[in-house]
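Colleague: One predicted model, sequence on top.
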Amino acid sequence: MTAHQSSTPIDSGVRVRPRPTVRFDARNGDWYLGERLRRCDGSGNVVAHVDDLPGCSASDLLRAMRRRHAYYGDGATLLISKVPVGFFDDEESPVGAVAFELHDNTLNLDVTVLFDDLDDENEVSGRFSSALAPLLRRYRMTFSSAWPDPDYVAPPWPWHVRVTLSPRGRDLGELFRLGQDIGQLVRAMTDGKLTRVTAGDLVRGGHAHVLIGQPEGHWLDVKSQHYDASEHGQISLAQAVARFCNAESGGLVVIGMNTKKVPGGEEIRGLCPVPRDNRMVRRYEQILERRLFPPPDGLAVEAVAMGEEMLVLIDVPPQQEELKPFLVHGAIVDGRIEGAFISIVRRRGEASIPITAPMIHSTLAAGRGLLRRGEIPRQEI
């Protein structure tokens with residue numbers, strides 16, 4: 001080695017670009033996700049297995065689709081199959097409801113949902129845009145459009161929901177799961193908006209996270225912690241349920257989610273599951289049995305497992321007017337517990353308001369009037 005030679009490598013300053021995680025080979029039309037070769041189906045779309053997606057970059061997929069478009073005039077939709085790996089065939093395997101597509105030179109999710117009714121396209125698109133806004137905003141996505149599949153002439157009708165996404169720093173596995181969440185939320189909102197029933201089904205089905213960004217309102221109330229066993233906690237639980245019993249449409253109380261203040265009210269910020277305790281459901285039921293009168297029809301207290309933690313769901317169906325008002329044994333007055341008092345509350349928006357003395361008197365007077373006319377059997381009172 002001469003004096004001017006060195007064993008230390010010299011940095012040339014040339015940066016080596018890492019191998020793309022998704023590639024399109026224009027010579028033969030083959031696709032690669034990681035090191036897995038995936039060929040196009042008979043329609044020119046590439047079919048991948050769901051296990052191919054984790055670790056694959058959405059930005060790489062967008063570049064590959066643009067390359068495909070430059071050669072063939074289309075970007076080839078990436079369809080996803082969830083069949084067991086041993087049965088996967090990229091030309092024959094059935095595909096699921098979530099796909100990736102190139103549209104207007106941007107990367108989009110295409111989510112297919114089934115409906116029994118074929119409604120007006122513009123009306124449906126508007127309803128979905130509004131209802132999906134909180135979920136899409138949280139994940140840097142934008143609603144693009146919704147339309148019925150033109151190849152179907154009888155129900156159930158497949159509808160496509162197209163969502164534009166920002167690919168930078170995104171993993172295809174993560175985006176696929178978000179597509180599934182979009183599908184769950186759209187299926188839950190067959191009329192274009194969440195209801196007590198559909199939100200309850202989402203929580204029971206393990207999809208409570210899609211409620212993040214939704215506002216609290218006249219039928220939805222969430223709590224970050226259990227109601228404790230103190231008298232204050234018992235009265236607070238009974239009042240939370242009584243508010244929905246005295247409301248027109250019932251409601252849901254979900255324990256294990258938190259909120260943040262926004263203009264006009266509060267919206268759900270995130271999940272904070274509570275420790276799993278199989279005795280908690282029965283404890284809540286016993287508190288309501290002691291504190292709430294009359295017993296609500298159809299009231300359900302349920303534990304929704306989340307690993308070692310859980311959410312508690314209290315589902316309050318709409319109650320018959322003849323049962324109202326629902327009374328809570330105990331009251332909280334200026335922060336003080338008044339155990340001998342009776343409290344009556346109902347829900348308005350995300351706030352709770354007391355039922356006034358004139359309202360109670362009018363209800364009692366109406367009941368006495370019906371009794372005098374013999375319209376209500378005395379044994380039912």
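Modeller: That came in fine, so what should we check first?
Colleague: can you list contacts of stretch 58-66?
Modeller: Residues external to stretch 58-66 that are found in contact with it (C-beta atoms under 8 Å, 6 or more residues apart in numbering): 20-24, 31, 75-76, 78, 100-102, 105-107, 165, 167-172, 175. No exception for glycine: its C-beta is placed from N, CA and C like everyone else's.
Colleague: Can you tell me the element residue 332 falls in?
Modeller: Following DSSP states H and E, one finds residue 332 within strand 327-333.
Colleague: tell me which residues of that strand are tucked away?
Modeller: 327-332 (16 or more other C-beta atoms under 10 Å).
Colleague: what does stretch 56-72 give?
Modeller: Result for stretch 56-72 [16+ other C-beta under 10 Å]: buried residues 56-65, 68.
Colleague: Report pLDDT for the nearest residue to residue 50 once chain neighbours are set aside.
Modeller: In this structure, residue 50 finds its nearest non-sequential neighbour in residue 82, 4.9 Å apart by C-beta to C-beta, 6 or more residues apart in numbering. According to the prediction, residue 82 has pLDDT 93.
Colleague: you'd agree residue 82 is up against residue 96?
Modeller: Yes: contact status for residue 82 versus residue 96: in contact at 5.5 Å, counting by C-beta atoms under 8 Å.
Colleague: Give the residues shared as contacts by the two.
Modeller: residue 50.
Colleague: And the helices in the stretch 151-300 of the chain, which stretches?
Modeller: Taking DSSP state H, counting those that start in this stretch as the criterion, the stretch 151-300 of the chain carries its helices at 172-188, 196-204, 231-245, 280-291.
Colleague: who's in contact with residue 202?
Modeller: 184-185, 188, 208, 210-211.
Colleague: So residue 54 versus residue 90, what's the distance?
Modeller: In this view, residue 54 and residue 90 are 18 Å apart by C-beta to C-beta, to the nearest Å.
Colleague: Same check on residue 137?
Modeller: Applying C-beta to C-beta, the value for residue 137 to residue 90 is 35 Å.
Colleague: One more: residue 22?
Modeller: 15 Å.
Colleague: And these two? Which one has more around it.
Modeller: Neighbour tally, residue 22 and residue 90, criterion other C-beta atoms under 10 Å: the higher count belongs to residue 22, 26 against 19.
Colleague: Could you give the bridge partners of that one?
Modeller: residue 33 (DSSP bridges).
Colleague: same check, this time on residue 275
Modeller: On the basis of DSSP bridges, residue 275 is bridged to residue 309.
Colleague: In contact with the closest residue to residue 253 other than its chain neighbours, which residues?
Modeller: Among residues not flanking residue 253 along the chain, residue 314 sits closest, at 4.1 Å (C-beta to C-beta, 6+ apart). Each residue near residue 314 by C-beta under 8 Å, 6+ apart is listed here: 240-241, 252-255, 284, 299-302.
Colleague: Point me to the helix or strand that includes residue 314.
Modeller: Residue 314 belongs to strand 309-316, assigned by DSSP H and E.
Colleague: Keeping just the C-alphas, turn that strand into PDB.
Modeller: The C-alpha trace of strand 309-316 is given here as PDB (Å, rounded to 0.1, in the frame of the first residue of the first chain):
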ATOM      1  CA  GLU A 309     -59.200  -4.900  29.100                       C
ATOM      2  CA  MET A 310     -62.800  -4.100  28.200                       C
ATOM      3  CA  LEU A 311     -65.500  -1.600  27.300                       C
ATOM      4  CA  VAL A 312     -68.800  -1.500  29.100                       C
ATOM      5  CA  LEU A 313     -71.800  -0.900  26.900                       C
ATOM      6  CA  ILE A 314     -75.200   0.200  28.500                       C
ATOM      7  CA  ASP A 315     -77.900   0.100  25.800                       C
ATOM      8  CA  VAL A 316     -81.100   2.000  26.600                       C
END
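Colleague: Compute the inter-axis angle for that strand and helix 196-204.
Modeller: 160 degrees (axes from the mean of the first three to the mean of the last three C-alpha atoms, to 10 degrees).
Colleague: Please work out the average pLDDT along strand 309-316.
Modeller: pLDDT averaged over strand 309-316 gives 96.
Colleague: Can you get me a residue count around residue 211?
Modeller: Number of residues near residue 211 (other C-beta under 10 Å) recorded here: 24.
Colleague: Give me the local confidence score for it.
Modeller: For residue 211, the model assigns a pLDDT of 90.
Colleague: For it, which residues are in contact?
Modeller: With C-beta under 8 Å, 6+ apart, residue 211 has these contacts: 194, 199, 202-203, 254, 257, 268.
Colleague: Please repeat the previous calculation with a cut-off of 6 Å.
Modeller: residue 268 (C-beta atoms under 6 Å, 6 or more residues apart in numbering).
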